[in-house]
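[1] Output the structure for:
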Amino acid sequence: MRSDWVLILDADEALDSNARELIPPLFSHSTVMGYMVQIRNYLLELNCHLWDQRAKPNVSAPAFAQQYPAFVQHENIRLFRRHPEVYFVGRVHETVGCRILELGMKIGAANFLIHHLGFVTDDRTLARKW
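    Below you'll find the predicted structure:
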């Protein structure tokens, strides 16, 4: 099966509950090739830093993430049109963003969140992941 759009989620990520309603209208913007999506990375402690960002208090998470006291947010293009010239670049944390920009195509801002739980694990697992 082929579709016109691709949505990328890692195994330790989940979409906002309202994404089902928010994503389809994004498809109608004919000039946009991909969408920059906010990714909320949950953490086990408020005094953590991630990518040189200080953690923020987690006061508005979905039920499955309310147990985590903090988060750091970043963004990445995770929703994009299927196109033969748009492909992933990079060996780690690969992205389609640079290809979209190289082709002179437009990137829009998504209106939904991805919730990432990959950092809410024990130190040994985190060390192996890094």
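[2] Could you check the pLDDT of the residue nearest to the spatial centre of the chain?
    In the chain, the residue lying closest to the centroid (CA atoms, centre = their mean) is Ile39, at 3.9 Å. We have a pLDDT of 96 for Ile39.
[3] Does it touch Glu75 like I think?
    Yes: with contacts counted by CB atoms under 8 Å, Ile39 reaches Glu75, the gap being 6.5 Å. Glycine gets a C-beta too; all of them are placed from N, C-alpha and C.
[4] overlap in contacts of these two?
    Common contacts of Ile39 and Glu75 (CB atoms under 8 Å, 6 or more residues apart in numbering): none found.
[5] Nearest spatial neighbour of Cys98, chain-adjacent residues omitted?
    Excluding the flanking residues, the one nearest Cys98 by CB to CB, 6 or more residues apart in numbering is Val89, at 5.3 Å.
[6] Check that neighbour and give its pLDDT.
    Confidence score, pLDDT, at Val89: 91.
[7] thought Ile114 was touching Leu15?
    Yes: the pair Ile114 / Leu15 is scored as a contact, 6.2 Å apart, by CB under 8 Å.
[8] The two: which has the busier surroundings?
    Taking other CB atoms under 10 Å, Ile114 and Leu15 do not tie; Ile114 has more neighbours (24 against 18).
[9] helix, strand or coil for Thr121?
    coil (DSSP: H, G, I helix; E, B strand; the rest coil).
[10] Look at it and say how many residues are nearby.
    13.
[11] before we move on, what about Phe119?
    19.
[12] Ile39 is in contact with that one, correct?
    No: counting by CB under 8 Å, Phe119 does not reach Ile39; the two are 11.3 Å apart.
[13] Spit out the residues that contact Ile114 and Leu15 alike.
    In contact with both Ile114 and Leu15: Leu9, using CB under 8 Å, 6+ apart.
[14] Now for Thr95: which residues touch it?
    Asn76, Ile77, Phe88, Val89.
[15] Out of the residues you listed, who's the most crowded?
    Ile77 (22 neighbours).
[16] now the helices for the protein?
    19-26, 97-102, 123-129 (DSSP state H).
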